[in-house]
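Participant: Requesting a structural model of the entry that follows:
(one chain, ligands or ions: 2)
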Amino acid sequence: MTKSVLVLPGDGIGPEIVAEATRVLDAVNARFGLGIETREALVGGVAIDAEGSPLPDDTLAAARAADAILLGAVGGPQWDDLEMAQRPEKGLLGLRSNLNLFANLRPAILYPQLAGASTLKPEVVSGLDILIVRELTGGIYFGEPRGIRTRDDGVREGFNTYVYSEPEIERIARVAFDAAMKRNRRLCSVDKANVLEVTVLWREVVKRVARDYPEVELSHMYVDNAAMQLVRAPKQFDVLVTGNMFGDILSDCAAMLTGSIGMLPSASLNESGQGMYEPIHGSAPDIAGQGVANPLATIISVAMMLRYSLQAPAAADAIERAVADVLDQGLRTADIAGPDEQPVSTRAMGDAVLAALSRH
Ligand code: NAI
Ligand code: MG
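Facilitator: Ligands and ions are numbered 1, 2, ... in the order given. Below is the predicted model:
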């Protein structure tokens, strides 16, 4: 059966890194006989310039029809003066909400070859391999009512609503337990159940879902402690699951434990397993067009895509081994190169991954 992948290079370094990632995808497609068909479309600033909208109708239609989406990054200074609703980022948010991509998976892996890149002590982060599962389409970022109002006494106040329904909690919990089953079978649910009623319900529902996963060891932690523990002793965790806002903050914190924004992939999934895969970094306008960006975060995102949306775990493993291989060989783009290391170009890094793939 053929599978379809929609490729959305986007802006800035997006086209450069996505070009390397699609070369890798094409290579495993041929090698493992995956029957994947790819097509490309516009999103973000390039879509605004070409069609007047950050998420053109034909892009959204193609996204709905695809089994998976590979995205580079969107945005750049030339679009910064546009109104919020017209900005490139709306293309990304529009894809997330229209496709109901409620489950955001963000691994934070410290590659042993890059141990020096972290700002934390090597013994704290060496061997780090954790996964944050963040609810992406609910919680306080989307709750109604919201706004800024003037009270009867003339004082202005801002307000948002933090709300999660039982089905919303249950489905993100299931994604997290499923992920834990594929890893080391430990799940920590992060909430603020000592203060917020919504997370009292969160904890209750997570405990209920846990009955279906007797092999997973479940723990609970308040978010303030979780932030502290992530920096103090991050290796105590395997999988963390949390709501939208806590997950936003904790996943950025966890990502930076590894010190290398150019290495970290992400997945955003919906209930049918369809997913959007992208590096966690942005469009890096400061280095766009120079051919120096690190394509590995996008290449590793392809591995996640193969594993989570395209049921091709062997191809995913091969890509991950190839990436480890090129790091072992000492290849470094500028963002991960040490002071004494000669950085390689985006294309050279892609070439090296392809060569390593043919050996695995
Ligand atoms: P950024 O992630 O684009 O860049 C931050 C720093 O990291 C820059 O110095 C950049 O050169 C470097 N960097 C990022 N990716 C790299 C890579 N693959 N290789 C080497 N170096 C890399 O974040 P910034 O500068 O805050 O935002 C730039 C633009 O990207 C903005 O328009 C922002 O809105 C957009 N953005 C888009 C995102 C997305 O499409 N998912 C996410 C974050 C920001
Ligand atoms: Mg964020």
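Participant: Could I get the full set of strands for the stretch 1-150 of the chain?
Facilitator: Taking DSSP state E, counting those that start in this stretch as the test, the strands found in the stretch 1-150 of the chain are 3-10, 36-40, 68-73, 103-109, 129-135, 147-150.
Participant: beta partners of residue 188?
Facilitator: Listed beta-bridge partners, residue 188: residue 219, residue 240 (assigned using DSSP bridges).
Participant: Any idea which of the strands of the stretch 1-150 of the chain gets closest to ligand 1?
Facilitator: Closest to ligand 1 of the strands of the stretch 1-150 of the chain, according to C-beta to the nearest ligand atom: strand 68-73, at 3.6 Å. (C-beta placed from N, C-alpha, C; glycine too.)
Participant: ok, the closest residue to ligand 1 within the stretch 51-200 of the chain - contacts?
Facilitator: Proximity of the stretch 51-200 of the chain to ligand 1 (C-beta to the nearest ligand atom) peaks at residue 75, 2.7 Å away. Remark: with contacts taken as C-beta atoms under 8 Å, 6 or more residues apart in numbering, residue 75 is in contact with 11, 12, 44, 45, 87, 88, 89, 282, 283, 285.
Participant: Please repeat the previous calculation with a cut-off of 7 Å.
Facilitator: 11, 44, 45, 88, 89, 282, 283 (C-beta atoms under 7 Å, 6 or more residues apart in numbering).
Participant: now residue 114
Facilitator: Neighbours of residue 114 in contact, by C-beta under 7 Å, 6+ apart: 260, 327, 336.
Participant: Next step: these restricted to helices.
Facilitator: Here DSSP state H is the test, and the contacts of residue 114 give residue 327 as lying in helices.
Participant: and the contacts of residue 114 as TSV, adding pLDDT, neighbour count and distance to ligand 1?
Facilitator: Listed next are the contacts of residue 114 as TSV, based on pLDDT from 0 to 100; neighbours: other C-beta atoms under 10 Å; distance: C-beta to the nearest ligand atom, whole Å:
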residue	pLDDT	neighbour count	distance to ligand 1
260	83	21	9
327	95	19	15
336	92	23	8
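Participant: Going by neighbour count, which residues of stretch 193-211 are buried?
Facilitator: Going by neighbour count (16 or more other C-beta atoms under 10 Å), the buried part of stretch 193-211 is 193, 198, 199, 201, 202, 203, 205, 206, 209, 210.
Participant: now for the residues you listed, which pair is the farthest apart?
Facilitator: 198 and 210 (18.9 Å; C-beta to C-beta).
Participant: would JSON lines of the strands of the stretch 1-150 of the chain with mean pLDDT, distance to residue 354 and mean neighbour count be doable?
Facilitator: Shown next, in JSON lines, are those (pLDDT from 0 to 100; distance: least, C-beta to C-beta, whole Å; neighbours: other C-beta atoms under 10 Å):
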{"stretch": "strand 3-10", "mean pLDDT": "98", "distance to residue 354": "17", "mean neighbour count": "23"}
{"stretch": "strand 36-40", "mean pLDDT": "98", "distance to residue 354": "16", "mean neighbour count": "15"}
{"stretch": "strand 68-73", "mean pLDDT": "98", "distance to residue 354": "17", "mean neighbour count": "27"}
{"stretch": "strand 103-109", "mean pLDDT": "95", "distance to residue 354": "21", "mean neighbour count": "24"}
{"stretch": "strand 129-135", "mean pLDDT": "97", "distance to residue 354": "25", "mean neighbour count": "25"}
{"stretch": "strand 147-150", "mean pLDDT": "96", "distance to residue 354": "51", "mean neighbour count": "9"}
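Participant: Dump these into a markdown table; add distance to ligand 1 as well.
Facilitator: Formatted as a markdown table, the strands of the stretch 1-150 of the chain follow (distance: least, C-beta to the nearest ligand atom, whole Å):
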| stretch | distance to ligand 1 |
| --- | --- |
| strand 3-10 | 6 |
| strand 36-40 | 16 |
| strand 68-73 | 4 |
| strand 103-109 | 11 |
| strand 129-135 | 14 |
| strand 147-150 | 24 |
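Participant: so which of these gets nearest residue 219?
Facilitator: strand 129-135 (13.5 Å).
Participant: mind listing what the closest one pairs with, with the direction of each?
Facilitator: Strand 129-135 has these strand partners (DSSP bridges): strand 103-109 (antiparallel), strand 239-242 (parallel).
Participant: residues contacting the residue lying closest to the residue of the stretch 51-200 of the chain closest to ligand 1 once chain neighbours are set aside?
Facilitator: Closest residue in space to residue 75, ignoring its immediate chain neighbours: residue 88 at 4.5 Å, by C-beta to C-beta, 6 or more residues apart in numbering. By C-beta under 7 Å, 6+ apart, the residues touching residue 88 are 11, 44, 45, 48, 54, 74, 75, 79.
Participant: interface residues of the stretch 151-300 of the chain facing ligand 1?
Facilitator: Residues of the stretch 151-300 of the chain lying close to ligand 1 (C-beta under 6 Å from any ligand atom) are 261-262, 278, 281-287, 293-294, 297.
Participant: Most neighbours of all these, which one?
Facilitator: Neighbour tally across these (other C-beta atoms under 10 Å): the maximum, 30 neighbours, falls on residue 293.
Participant: I'd like to know which elements the top helix by length along the chain is packed against.
Facilitator: For the chain, the longest helix by residue count, based on DSSP H, is helix 14-32. Judged by 3 or more C-beta pairs under 7 Å, 6 or more residues apart in numbering; DSSP states H and E, helix 14-32 is in contact with strand 3-10, strand 36-40, strand 68-73, helix 296-308, helix 313-328, helix 346-357.
Participant: Which strand or helix spans residue 169?
Facilitator: According to DSSP states H and E, residue 169 maps onto helix 166-182.
Participant: ok and the residue in the stretch 151-300 of the chain nearest ligand 1?
Facilitator: residue 282 (2.4 Å).
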